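Asks: Provide a 3D model corresponding to the input given below.
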Amino acid sequence: MKIKKIKLIPIILFIIFSISCSHKENIRVNISMGDINIVDLDKYIKILYNDFEIKLPKNSFNSKKYVKDFFLNDFSKAVEKKVEYFDTDTDFYKDSKFFLENLKNFSKTLLITGKIKIEIKSRSIIKKIKVKSGKRKKSFVQVQDWKMTSDIVLIDSGTGEKIYEKNFIDNIKDSETSDTKFNFETLFFKTTNKFIKSILNRTKIEDRYLLVK
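Replies: Below you'll find the predicted structure:
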């Protein structure tokens, strides 16, 4: 009986192996997928920038110039295309019809504009701070919460249509500095970083499953 058991083991193993090979198995692989939610910048021969509408409670610095310089310089380098200033007396948000009529003078042109709103809330918090003796003690500290809401719009000059429109919200919590310029630039950097990533051609890695017999 002992000899018979030993002879049966190879046969049982063979049957198990055969059954497992006959079943389909899923194998996970990573495949590069192009991002479809992008703006085709190559179809435009020119990019124009028009001033953003900016609402800033404490406008102690020229925020419009700062935003304009970003798009004419930094954004231009990021997309590797020259960006020119669209100098017009019309305002897209106040008179879009007349604004778009002026824009039609430019063929195969993309225009960037938008608006930015800053909200600031001041409050006091208890925080441990260093005193002259080097020790830390609890004290009331005045802080600010900043919120930047940005709407960025890209318009096709030929059709007058918005080919891109997105809202961005960024925050700074418990800022101990009330420096308007510093906080504005910090928030604007966060916003524009997300904006550039959202329009440039990127490659996404997605999981796919292959059936193997």
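
Asks: give me the below-cutoff pLDDT ranges for the protein.
Replies: Across the chain, the ranges flagged by pLDDT under 70 are 1-37, 59, 127-140, 201-213.

Asks: so where do the strands sit in the chain?
Replies: Under the criterion DSSP state E, the chain contains strands at 25-34, 46-49, 53-55, 83-85, 109-130, 136-156, 162-175, 203-212.

Asks: how near is residue 46 to residue 40?
Replies: Look at residue 46 and residue 40: by CB to CB, to the nearest Å, they are 14 Å apart. (Each C-beta comes from the backbone N, C-alpha and C, glycine too.)

Asks: the more surrounded of these two?
Replies: Shown here are residue 46 and residue 40; by other CB atoms under 10 Å, residue 46 has more neighbours (16 against 10).

Asks: ok, that one touching residue 111?
Replies: No: here residue 46 lies out of contact with residue 111, judged by CB atoms under 8 Å, at a distance of 9.2 Å.

Asks: mind listing what's buried along stretch 155-172?
Replies: Going by neighbour count (16 or more other CB atoms under 10 Å), the buried part of stretch 155-172 is 155, 156, 157, 164, 168, 170, 172.

Asks: make CSV from these and add distance to residue 104 to it.
Replies: Below are those laid out as CSV (distance: CB to CB, whole Å):
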residue, distance to residue 104
155, 11
156, 10
157, 6
164, 19
168, 28
170, 34
172, 40
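
Asks: how about those, which pair is most distant?
Replies: Within those, 157 and 172 form the most distant pair, 35.9 Å apart (CB to CB).

Asks: any idea how many residues pack against residue 73?
Replies: Counted with other CB under 10 Å, the neighbours of residue 73 add up to 11.

Asks: follow-up on the earlier one: which one of the buried residues of stretch 155-172 sits closest to residue 100?
Replies: Nearest to residue 100 out of the buried residues of stretch 155-172 is residue 155 (CB to CB; 7.4 Å).

Asks: my read: the closest one touches residue 106, true?
Replies: No: here residue 155 lies out of contact with residue 106, judged by CB under 8 Å, at a distance of 10.6 Å.
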